[in-house]
Every structure is written in structure tokens, then in C-alpha cells.
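>>> just to be clear, the model below is a prediction. Sequence and coordinates:
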Amino acid sequence: MNIEEFKARLGAGGARPNQFRVSLAFPGYVPNVDTSYSLLVTGAALPASNVNPAIIQYRGREIKLAGERIFDPFTITIVNDSDFSLRTPFEQWMNGLNNREDNTGVLTPSDYQADIVVEHLDRNDEVLAGGQYTLRNAFPINMSEIALQYAQNDIFEEFTVTFQYTHYDVA
């Protein structure tokens with residue numbers, strides 16, 4: 001393979017990890033979510049999955065066969081603005097799952113789950129072929145701390161939210 005073949009394989013310059021968009025719809029019980037929030041999502045990943053082996057013993061040997069497919073948790077990184085415009089809705093979403101005051105919560109999955117769309121984009125904001133992943137029936141399972149320190153002068157606050165979901169579709 002020569003350099004020209006290599007360049008031709010990259011197509012329109014190759015896929016770039018900094019070109020993406022994440023969209024999700026918050027549950028109905030979370031009020032007043034700014035619809036331009038995706039600008040504050042500064043880190044994500046295309047989702048991962050694994051097929052766990054089903055193991056059978058036969059005459060002292062392990063026979064490994066394809067087992068269940070597991071979808072790894074999905075994490076996004078968010079820049080915190082001074083209005084906490086995303087931190088607060090995630091707090092409300094998680095509070096709906098399990099209220100910190102009386103340990104109650106929304107019971108029906110369709111009332112607390114939402115789809116997340118991750119789009120891998122080209123440099124013109126067009127979705128790459130095979131670059132749209134829809135994570136189905138997602139809900140947050142972890143929201144990270146925001147570290148506060150006197151020595152942190154020249155950075156913005158960030159936090160992560162990790163979701164569990166049933167599966168993803170690729171378009």
C-alpha cells in the first residue's frame with residue numbers, strides 16, 4: 001500500500017473524535033430543560049458491547065459458546081455552566097428514580113427512561129455513514145462530583161453522567 005491508497009481509504013479526511021453531538025429527551029417530570037444543552041456535552045464515546053461466553057464442561061475441558069450480549073454503561077462529560085442548566089435536570093431525573101427524602105420513585109420504566117442519540121459527524125456537521133447510535137431506554141445511574149479547589153484557576157467545572165440502557169441501534 002502506498003500513501004495515495006492510504007489517503008483514498010480515509011475518504012473525506014477520516015473520522016475525527018472531536019466531531020460529535022449527543023441528544024436526549026429528559027423524562028416528563030423533569031421541567032425546564034434548555035434544548036441547546038448538547039453544546040455543553042464535551043465528551044462521549046460510541047457505545048461498547050460484549051458477548052459473554054457460555055461455558056460448558058466436557059471431559060475436563062471448557063467448551064465456550066456465544067452467550068448473552070451485554071451493553072456497557074455509557075458516560076458523557078458535561079461542562080457546568082453558572083446556571084447549572086444540566087446539573088439540576090440530572091439531579092431531578094435521578095431524584096425521580098429514587099427520591100432521597102422518602103425513598104419513593106417513578107415505577108413505570110417508560111416514565112423514567114429516554115433514548116440517547118450519539119451522532120459522529122464530519123467536519124461539515126453531517127452524520128457519518130453508520131455514525132448514528134441510538135441508545136434505547138436509558139436512565140442515569142451515576143453523576144460524578146464536581147471538584148472545588150482554590151488552585152483551579154484556568155479551567156471550567158465538569159462532571160460526568162453514566163447511563164444504563166437496554167441496547168443500541170446503529171443507523
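On my side now, so go ahead. Numbers count the residues shown, from 1 in each chain.

>>> and the strands in the protein?
20-24, 41-43, 49-58, 61-71, 74-79, 114-121, 127-143, 158-164, 167-170 (DSSP state E).

>>> what pairs with the first one, parallel or antiparallel?
The one in question is strand 20-24. Using DSSP bridges, strand 20-24 pairs in its sheet with strand 114-121 (antiparallel).

>>> same check, this time on the third one
Strand partners for strand 49-58, identified by DSSP bridges, are recorded as strand 61-71 (antiparallel).

>>> likewise for the second one?
For strand 41-43, the paired strands and their directions (DSSP bridges) read strand 74-79 (antiparallel).

>>> and residue 158, how many neighbours does it have?
Other residues near residue 158 come to 15 when the count uses other CB atoms under 10 Å. Yep, even glycine has a C-beta here, placed from its N, CA and C like the rest.

>>> state the number of residues packed around residue 93.
Using other CB under 10 Å, residue 93 has 22 other residues around it.

>>> cool, residue 141 as well?
Neighbour count for residue 141, taken as other CB under 10 Å: 15.

>>> with residue 30 instead?
Residue 30: 19 neighbours (other CB under 10 Å).

>>> now for it: which residues touch it?
Residue 30 is in contact with 89, 92-93, 96, counting by CB atoms under 8 Å, 6 or more residues apart in numbering.
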